[in-house]
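**Q** sequence and predicted structure, then a few things I'm wondering about:
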Amino acid sequence: MPVKTYGSSVFGIEAITITIEVNMSGGTKYFIVGLPDNAVRESLFRIESALSNSGLKMPRRKIVVNLAPADIRKEGSSYDLPIAMGILAESGQVAREKLKEFLIMGEVSLDGGLQPIKGALPIAIQGKRDGFRGLILPKVNAREAAIVDDFEVYGVDNLYDVIQFFIGKKALERTVVDTKQEFLNNISNYESDFSDVKGQENIKRALEIAAAGGHNLILIGPPGAGKTMLAKRLPTILPPLNLYEALDTTKIHSVAGKLSASDSIMTVRPFRSPHHTISDVALVGGGTNPQPGEISLAHNGVLFLDELPEFKRTVLEVMRQPLEERRVTISRARSTIDYPASFMLVASMNPCPCGFYNHPEKECICGPGVVQRYLSKISGPLLDRIDLHVEVTPVNFNELSSDRPAEKSKPIRDRVSAGRELQHQRFADRDDVFCNAQMSPNMVRNICRISDAGQALLKQAMEKLGLSARAYDRILKVSRTIADLAQSDEILLEHLAEAIHYRSLDRDGWAG
């Protein structure tokens, strides 16, 4: 009778249990069926060498390995270990009774060592859901899988230890992680702080508003003005992750293989900063074997695009739908995979190719029309999804050399969290809107009501500054966030005036 062992396959950020059936009969050839890719087909050669180096032998018989369900494509080398245990059980070298209690995953090296796998967390979650007692996998992945409560996780270094466990000669050490305690201990463990930034109080205020409302923003300024330094500190003022968000974010990084051996659960919001040479597939996800892209790795955090006009036009355009829907769908002939992509977009750019347009001290050397052509590299539909346009000016010497302490991230984060709490209450009856930036035009009209004086101010601003029609809703959303930070039920004139200030790129004549 065939032996059955159990592994798992990851699709998107979810897993499905795979049954590995091993049968032996007369003959000498090896076969793996059930839609395996090349990495799975090669597993028997790795297993044969690993068994030899572990003091055991590969049976010289016909071996048929079936990976069920057979209509789902199996990818990667992590099926090596369950296939090896199935072969050993079918040949009588280990007992088969305990195999049904565990999920087993791991790539086997030629010397019997185990290599890391991807997606250990969703595999463990699905294993518990399917009623398995535990999971045996490489030690490198043990901590991320062990955050699943009431589920035994055993991290092992080599094939020999797994064999000794199943023949009853050695006990494996269970990996235990106190998820809640570890989460609480490291929830605000950031290496940087807003107090590191000298001056730039107006820019810090803009970042505080962006964080409070979940608004996308773009920083425009000359080289060395501090755009990147400010952007990298934005996660430190965002509300702390809750446990659900942390688990969701950890699953994505687990599937992408981005967690180290010391990681168990992600406790701080991710900050992703891809280089401008990135491809559209690397940004949104996909590939022959679909993997999450940078926008999904930034889920529940910040995606920072430095020097935005240097990115290829096609790369920027593929972000438009994920920015609206907060997820990305990867479609293939056989399957469709959804990856979450709810992130804050923060972009930075020089105002012109030389970097010194509108500089208070240095002269711009760009010719007529060059600035406008440079800005036109960013499409209108993408700018339409960015709520705040903030001009960054260089910090003067007196501010840089000042000993006056700057405000730390914690009090700013407390104000942001208080503003977000108001939004949580406002959108409590909706499951698709969580912050002001996500309001639809219809919601803006109902929620962001302003007085007659406010309407007159907004009309005057749009006429005098030449603001475009797309700026209207953005100004109302941002002014609602500013009012939330002030704990105000109504949008006042000062809230509107400040919001109008953050629409630099919409002004007529801004680029000459």
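**A** Here it is on my side, so go on.
**Q** which residues of the stretch 351-500 of the chain fall in helices?
**A** Taking DSSP state H, counting those that start in this stretch as the criterion, the stretch 351-500 of the chain contains helices spanning 370-375, 380-383, 397-400, 409-426, 441-447, 452-465, 470-485, 493-501.
**Q** tell me which of those helices lies nearest to residue 253.
**A** Proximity to residue 253 (CB to CB) singles out helix 409-426 among the helices of the stretch 351-500 of the chain, at 22.6 Å. Every residue, glycine included, has its C-beta placed from N, CA and C.
**Q** so which elements touch that closest one?
**A** The contact analysis (3 or more CB pairs under 8 Å, 6 or more residues apart in numbering; DSSP states H and E) places helix 409-426 against helix 201-213, helix 470-485.
**Q** next, the angle from it to helix 201-213.
**A** 40 degrees (axes from the mean of the first three to the mean of the last three CA atoms, to 10 degrees).
**Q** alpha carbons of helix 409-426, as PDB, please.
**A** This file holds the C-alpha atoms of helix 409-426, laid out as PDB (Å, rounded to 0.1, in the frame of the first residue of the first chain):
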ATOM      1  CA  SER A 409       8.600  60.500  16.900                       C
ATOM      2  CA  LYS A 410       6.600  59.300  19.800                       C
ATOM      3  CA  PRO A 411       4.500  62.500  20.500                       C
ATOM      4  CA  ILE A 412       3.900  62.900  16.800                       C
ATOM      5  CA  ARG A 413       2.800  59.200  16.500                       C
ATOM      6  CA  ASP A 414       0.400  59.800  19.500                       C
ATOM      7  CA  ARG A 415      -1.200  62.700  17.600                       C
ATOM      8  CA  VAL A 416      -1.400  60.700  14.400                       C
ATOM      9  CA  SER A 417      -3.000  57.800  16.300                       C
ATOM     10  CA  ALA A 418      -5.600  60.100  17.900                       C
ATOM     11  CA  GLY A 419      -6.500  61.400  14.400                       C
ATOM     12  CA  ARG A 420      -6.700  57.800  13.100                       C
ATOM     13  CA  GLU A 421      -9.100  56.900  15.900                       C
ATOM     14  CA  LEU A 422     -11.500  59.500  14.800                       C
ATOM     15  CA  GLN A 423     -11.400  58.100  11.300                       C
ATOM     16  CA  HIS A 424     -11.900  54.600  12.700                       C
ATOM     17  CA  GLN A 425     -15.100  55.700  14.300                       C
ATOM     18  CA  ARG A 426     -16.200  57.600  11.200                       C
END
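**Q** and it with helix 470-485, angle?
**A** 110 degrees.
**Q** could you pull out the buried residues of helix 409-426?
**A** 409, 412, 413, 415, 416, 417, 419, 420, 422, 423, 426 (16 or more other CB atoms under 10 Å).
**Q** stretch 241-248 too?
**A** Buried residues in stretch 241-248 (16+ other CB under 10 Å): 241, 245, 246, 247, 248.
**Q** for stretch 34-50, same thing?
**A** 34, 36, 39, 40, 43, 44, 46, 47, 48, 49, 50.
**Q** farthest-apart pair in those residues, please.
**A** Farthest pair in those, by CB to CB: 34 and 49, 22.9 Å.
**Q** what about the chain, any weak spots by pLDDT?
**A** Along the chain, segments meeting pLDDT under 70 span 333, 397, 400-401, 506-512.
**Q** from the centroid of this protein, which residue is nearest?
**A** When CA atoms, centre = their mean is applied to the chain, the residue found nearest the centroid is residue 297 (2.1 Å).
**Q** bridged to the closest residue to that residue other than its chain neighbours, which residues?
**A** Of all residues not flanking residue 297 in the chain, residue 272 sits nearest, at 5.2 Å (CB to CB, 6 or more residues apart in numbering). Taking DSSP bridges, one obtains residue 303 as the residues bridged to residue 272.
**Q** any idea how far residue 208 is from residue 272?
**A** 21 Å (CB to CB, to the nearest Å).
**Q** same thing with residue 302?
**A** For residue 302, the distance to residue 208 - CB to CB - is 14 Å.
**Q** next: residue 34.
**A** With CB to CB as the criterion, residue 34 and residue 208 are 54 Å apart.
**Q** ok, residue 346 next?
**A** 13 Å.
**Q** and those two? Which one has more around it.
**A** When residue 346 and residue 208 are compared for neighbours, residue 346 comes out ahead with 30 against 22, by other CB atoms under 10 Å.
**Q** so which strand or helix has that one?
**A** Element membership for residue 346, per DSSP states H and E: strand 344-349.
**Q** compute the inter-axis angle for that strand and helix 201-213.
**A** Using the same axes, to 10 degrees: strand 344-349 against helix 201-213 is 150 degrees.
**Q** given strand 344-349, what are its sheet partners and their directions?
**A** When DSSP bridges is applied, strand 344-349 pairs with strand 217-220 (parallel), strand 302-305 (parallel).
**Q** list the contacts of it.
**A** The contact list for strand 344-349 (CB atoms under 8 Å, 6 or more residues apart in numbering) reads 210-211, 214-221, 227-228, 231, 234, 238, 301-309, 319, 323, 378, 385-386.
**Q** do the same with stretch 246-263
**A** By CB under 8 Å, 6+ apart, stretch 246-263 touches 10, 12-13, 116, 118-122, 125, 139-141, 143-144, 147, 183, 241, 265-267, 269-270, 291-292, 296-297, 299-301, 339-340.
**Q** now swap in stretch 422-435 and tell me
**A** 213, 214, 420, 436, 438, 439, 440, 443, 447, 484, 487.
**Q** one more time with 10 Å, if that's ok
**A** 211-215, 239, 325-326, 342, 344, 417, 419-420, 436-440, 443, 447, 477, 480-481, 483-485, 487-489 (CB atoms under 10 Å, 6 or more residues apart in numbering).
**Q** out of these, which end up buried?
**A** 211-215, 239, 326, 342, 344, 417, 419-420, 436-439, 443, 477, 480-481, 483-485.
**Q** put the buried members of the contacts of strand 344-349 into a PyMOL selection.
**A** Written as a PyMOL command, the selection of buried residues from those, which uses 16+ other CB under 10 Å, is:
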select buried, resi 210+211+214+215+216+217+218+219+220+221+227+228+231+234+238+301+302+303+304+305+306+308+309+319+323+378+386
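**Q** for the protein, longest strand please?
**A** strand 14-25 (DSSP state E).
**Q** distance between that one and the chain's centre?
**A** 31 Å (CA atoms, centre = their mean, to the nearest Å).
**Q** what's the first helix or strand after that strand?
**A** strand 30-33.
**Q** in that next one, what's buried?
**A** In strand 30-33, counting by 16+ other CB under 10 Å, buried: 30, 32.
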